[in-house]
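Student: Predicted coordinates and the sequence they were generated for:
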Amino acid sequence: TSSFQRNSHPFPCKLSTAPAVVDLCDGEDANEIGEDASKKNIKEEEIEVVKVRHSKKVTFNEIEHEVKYFTRYPVEEEVPFNNLGTINENEEASGNSNALVSSEQSRATADFTVLSSRHGRARRQLRNISKRDLKAAIKYGKREPARPDRRTGKPRWKFVHNGLVYITDETMRNEITSFQKAVTIDSKHLTVEMINHHIEVKRILREERHLCTGHTFIVIDQSGSMRNPDVNGFVSRSHAAYGTLALDFISEQLDSNPNKYGLFAESVSVIEMKDTAKVVLQMEPFDWILFDRLCRRPNTTRPSFHGNYNESLKCVESMIFDEYTKLAEDGVEHKDMPTFSIVFLSDGRPSDCTRADTEQRTTLLQNLTQLLSSKLLFYAMGVGANGADFGVLSSMVKIVNENGGEGQFVHAGLSAVALSSTFSDISNTLTTHRTTLLSSTKGANNLPTDNAAGKTKKDFTMRETGKIVGKTMPVETYIHGKEYTIKRFRFENKGAQRFSWRDVKFANHGAIGFEKEIHPFGKGSERLAFRFSEVMFDKKTKIAKKTGKTMVAKTSIHIEKETKEDFHEDFCRVQSVSQDLAEKFNDAVRKAPSLAAADKATRPPELQFMLCHVYSYTNNVTKEEKALLVEKKLPGKFTKYNSNNGYVKGAKEGVTDTRTIELECGKVPLEDFVQAFSHWVYVHSNHNLIVCDLQGVLNEEGRYPIFQLTDPAICTRKGPRYGKTDMKINGIGIFAELIVVDLFAKDSD
């Protein structure tokens, strides 16, 4: 009071009875008049600026503010509100002073009067909007009618400028509210191919879970506090969470394109956390359709009630245990299980924080981590101002790390940039895990890794190479009779995935057994190759001697049970299916006009996979049964054209075989037919199958050239697995990105 008396101020203010007289939120405004000034009919011209020697401080919403007294900026001529114009932003940007369309707008920004309500001040405080921003919006912004007051029906105005939206009453002087204009996230244009791929991956995730490479569970806090509009660029924390999730978690991984053919089947489930847990998306394919659904979700959900961590964790645990159990029942080993990732986003301390709740939460995480161990990735994100309590989130991460999982806690604050960066970091981590998984089948120098982990390799010495004159290689001989029972079987493909073994005679008349060299002349990732011959009884010498042509016998490179059913059946099935596909490919080539040979005396080469047999021999004393897979020895230079780890002959070396053939479409290397076959199978199986690891010889001894191939690999996305060399969806992805799409594949369609 003494301050007022000393300055003869005509407007004494009592804060205890009229707190709205002064602007308690905006110390920067020296030109605002209190609301009570108009109520007491005090003329604006009579109010003068008063210099306060000692600042008086009051508390409002737990924030201290300096009290100031001010008058309105003197105006020589009152300008009607309906004459207030807008500025052409293009002209303003070019520096054209004629952009001002009214004398009112030629005033300095600070000279505009904005009368704030308590609601308006509180909103600006939360959204970090200054009063000067509002004045700039009035001066420069685009003005348009806003929605009328819902209670009174009175009209309102909306000003939009530099991403700021400012709502006033009909006089354009009283603030109603203000907020940053929300970020607009455009939906993805979906093609027919995207939709068909989405449907196919949904089927795979439902019917063939073993092909899933990863499952991410995203828990998003939707308690009442997530309605807070304190993240710049977004309407609320909920919108910010979903928006950055879609942009920086889903979109970034899709754009990074670790597999441009979309061949990894990965799923995402979204759980909203309130008093209870609600599954809003379950096992959705990781694609652009998921991106669009996440963008739309915050417009259809309303954060409310409390946020109970345990209900959401129990929901996630139940879904993971169910999926893990079904995969185990299908025969999937732990090392082949998909990666299970949990992204847990919350804006503060949980509502369920009693001692019993804490113990239950600890047990849930321990059970999950002990089951999945290194297959569990846990990311906890704190969304809230500095000082928010995220101790529970941090402790959850600690439990995961202590029990063998991989956990990480990040406090993203209330910045959209920080949220975006956090989701981007998680995205990069998952992309790294996926890339590791997709390349797990490749070892150093791009060679296949040992797929038989835990098995012991046989002790063997390779056969001497080069010319061997006057030297006999050591062999082991088996004769059908008193000591051994020997049978020869042919693997037959009856179609529709039906196969059988047929007992047939020896290849040579009079054969009574076989001999096999002790030292292998070749080896692969799974098999050893030996020289093999049938033997017959020589009546003159009274000993067994070789008969017929030399063949090739193959055994496992590891110490394991080697019967026709346990080891050799997969090889024979792959070779038989490959031969059926080769016959269809040969027929397609013959029917393609542009692939006809220009010289009618010849024709394009055909592909042929060797017919294989199994020689089973059982010791009549010990009853031990063994078997050898035997096929014709290929003449000529043996060549590997591609493999199941991504190798394609000539792709990196930049050279191919010089032998060519003149076709109607031009001159083409003969080897291109082999690569075209792999791609043709891939295309005509709707990207579900690929035949690779093609190796053999080009036999030109007959009238027409023939590629005679052996020991192929089939990688498949669906259906039964084709042996140990079937790298499933990973093998398809590795090979499909390196295969050369050429004229033959197109003309064969």
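Tutor: Noted; the coordinates are in hand.
Student: hey, what's H558 bridged with?
Tutor: Bridge pairing for H558 (DSSP bridges) gives the partners K457.
Student: For burial, what's the neighbour tally of it?
Tutor: H558: 17 surrounding residues under other CB atoms under 10 Å. Heads up, the C-betas are built off the backbone N, CA and C, glycines and all.
Student: how much space is there between it and E565?
Tutor: Plainly put, H558 is 17 Å away from E565 if you go by CB to CB, to the nearest Å.
Student: Show the end-to-end separation of stretch 292-309, please.
Tutor: From its first residue to its last, stretch 292-309 covers 27 Å (CA to CA, to the nearest Å).
Student: Next, E562: secondary structure please.
Tutor: coil (DSSP: H, G, I helix; E, B strand; the rest coil).
Student: just checking, it touches A627?
Tutor: Yes. Between E562 and A627 there is a contact at 5.7 Å, judged by CB atoms under 8 Å.
Student: Which one's more surrounded, those two?
Tutor: A627 (23 against 18).
Student: coming back round to it: list residues touching both of E562 and A627?
Tutor: Shared contacts of E562 and A627 (CB atoms under 8 Å, 6 or more residues apart in numbering): H568.
Student: Identify, by residue count, the longest strand of the protein.
Tutor: The strand that spans the most residues within the chain, counting by DSSP state E, is strand 543-556.
Student: just checking, next helix/strand downstream of that one?
Tutor: On the C-terminal side of strand 543-556, the nearest following helix or strand under DSSP states H and E is helix 569-591.
Student: Now find how far off-centre that next one is within its chain.
Tutor: Offset of helix 569-591 from its chain centre (CA atoms, centre = their mean, to the nearest Å): 34 Å.
Student: so what strands line up beside whichever helix or strand comes after it?
Tutor: Sequence-wise, the next helix or strand downstream of helix 569-591 (DSSP H and E) is strand 606-609. Strand 606-609 sits in its sheet next to strand 706-710 (parallel), going by DSSP bridges.
Student: CA atoms only for the strand it pairs with - export them in CSV, please.
Tutor: Below are the C-alpha coordinates for strand 706-710, written out as CSV (Å, rounded to 0.1, in the frame of the first residue of the first chain):
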residue,chain,number,x,y,z
ILE,A,706,23.3,-80.8,-70.8
PHE,A,707,24.1,-79.4,-67.4
GLN,A,708,24.4,-82.4,-65.1
LEU,A,709,24.0,-81.2,-61.5
THR,A,710,24.2,-82.8,-58.1
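Student: Identify all contacting residues around the helix or strand following it.
Tutor: Proceeding N to C from strand 706-710, the next assigned helix or strand is strand 713-716, under DSSP H and E. Residues from elsewhere that reach strand 713-716 (CB under 8 Å, 6+ apart): 574, 577-578, 643-644, 688-693, 722-723, 725-732, 735.
Student: dump the residue contacts of the closest residue to K314 other than its chain neighbours.
Tutor: Leaving aside its sequence neighbours, K314 sits nearest to L364 (CB to CB, 6 or more residues apart in numbering; 6.4 Å). Residues in contact with L364, defined by CB under 8 Å, 6+ apart, are N310, L313, K314, E317.
Student: buried ones in the helix or strand containing the third one?
Tutor: It stands for K314. K314 is part of helix 309-329, with elements assigned from DSSP H and E. For helix 309-329, the neighbour count (16 or more other CB atoms under 10 Å) marks 309-313, 315-317, 319-320, 323-324, 327 as buried.
Student: Could you name the helices and strands sitting against it?
Tutor: If you count contacts as 3 or more CB pairs under 8 Å, 6 or more residues apart in numbering; DSSP states H and E, helix 309-329 packs onto strand 212-221, strand 265-273, strand 277-285, strand 339-346, helix 355-372.
Student: For I195, report the pLDDT, please.
Tutor: On the pLDDT scale, I195 is placed at 89.
Student: Now it: phi and psi?
Tutor: The phi/psi pair for I195 (degrees, to the nearest 10) reads phi -70, psi -40.
Student: How about A507?
Tutor: phi -70, psi -30.
Student: The residue lying closest to V697 once chain neighbours are set aside in helix, strand or coil?
Tutor: Distances taken as CB to CB, 6+ apart put G636 closest to V697, at 4.1 Å, once the chain neighbours are dropped. Using three-state DSSP, the structure places G636 in coil.
Student: For S533, see how far away G636 is.
Tutor: Applying CB to CB, the value for G636 to S533 is 20 Å.
Student: More neighbours: those two, which one.
Tutor: Remark: of G636 and S533, S533 carries more neighbours, 23 against 12, as counted by other CB under 10 Å.
Student: what's the distance between the closest residue to that one other than its chain neighbours and T472?
Tutor: Residue nearest to S533 in three dimensions, not counting chain neighbours: K546, with 4.3 Å by CB to CB, 6+ apart. From K546 over to T472 the distance is 11 Å, taken as CB to CB.
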